[in-house]
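[1] Sequence first, then the predicted structure:
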Amino acid sequence: MNLIDHLSDEELTALAGAASRLPDAPAKWVEAAVALWKVAPRPAAMAPAPTLWTRIAAALSFDSWATPPLALGVRSMAVDSRHLLYSAQGRDIDVRIAPAADRFAMAGQILGPDETGEVELAGAGAGAAGRWITHLDPLGEFRLDGIDRGTYQLTLRLGGDEIVLPPIVIGERVG
């Protein structure tokens with residue numbers, strides 16, 4: 001018999017046709033052959049994605065705009081940048097909003113279990129338009145640019161959890 005590498009196209013076609021006419025192995029033999037190998041458990045990275053999210057509402061722990069200026073010292077001035085800190089089931093979400101030309105930029109970091117995930121910012125009120133989606137980097141950080149003034153909803157999807165933050169007003173100082 002010739003090695004398969006040295007067969008012509010006609011010989012290979014004839015061989016494939018002859019092989020397709022061969023009877024299948026008995027089912028018991030196939031089962032016995034398959035049973036010889038143990039199936040390794042599926043790694044977590046290969047596990048099927050969850051179809052349902054556990055929705056978690058985050059609570060605001062700190063808002064730099066809510067701190068009275070006198071508490072920060074006599075020389076303190078109101079600034080346009082904003083620092084927010086949220087808590088949600090063993091995670092702290094650090095969000096910073098700063099002016100960037102005529103728009104705003106949002107940067108943040110999820111502090112807690114190391115997980116990959118997705119961040120979504122969507123308009124949720126008057127003046128807010130657009131939708132941004134980005135992924136967390138290996139340090140749990142994210143950045144969104146080109147945000148207009150308005151009220152937005154920030155949602156984080158991490159593992160099987162969907163963390164929803166209270167609406168965030170961007171661009172206008174509250175109080």
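    Received it, and whenever you're ready, just let me know what you need. Numbering: from 1, shown residues only.
[2] going forward, measure contacts and count neighbours with C-alpha atoms only.
    Will do.
[3] Can you give me the domain boundaries for the protein?
    Residue ranges for each domain of the chain read 4-44, 54-170, as given by automatic domain parsing.
[4] Name the stretch among these that sits most buried.
    Of these, the one with the most neighbours on average (mean count of other Cα atoms under 10 Å) is domain 54-170, at a mean of 16.
[5] just how off-centre is the helix ranked longest in the chain within its chain?
    Counting residues, the longest helix found in the chain (DSSP state H) is helix 9-20. Here the centre of mass of C-alpha atoms in helix 9-20, compared against the chain's by Cα atoms, centre = their mean, to the nearest Å, lies 49 Å away.
[6] ok, now stretch 82-101?
    On the basis of Cα atoms, centre = their mean, stretch 82-101 is displaced by 17 Å from the centre of the chain it belongs to.
[7] so where's the chain uncertain?
    The chain contains residues with pLDDT under 70 at 1-2, 39-51, 67-79, 126-127, 174-175.
[8] Where do the strands of it begin and end?
    Secondary structure of the chain, counting by DSSP state E: strands at 54-57, 59-63, 82-88, 91-100, 103-111, 117-123, 131-135, 141-147, 150-158, 161-164, 168-170.
[9] Now render the ones you listed as CSV, adding distance to Ala18.
    Shown next, in CSV, are the strands of the chain (distance: least, Cα to Cα, whole Å):
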stretch, distance to Ala18
strand 54-57, 56
strand 59-63, 70
strand 82-88, 65
strand 91-100, 63
strand 103-111, 61
strand 117-123, 52
strand 131-135, 53
strand 141-147, 59
strand 150-158, 53
strand 161-164, 55
strand 168-170, 70
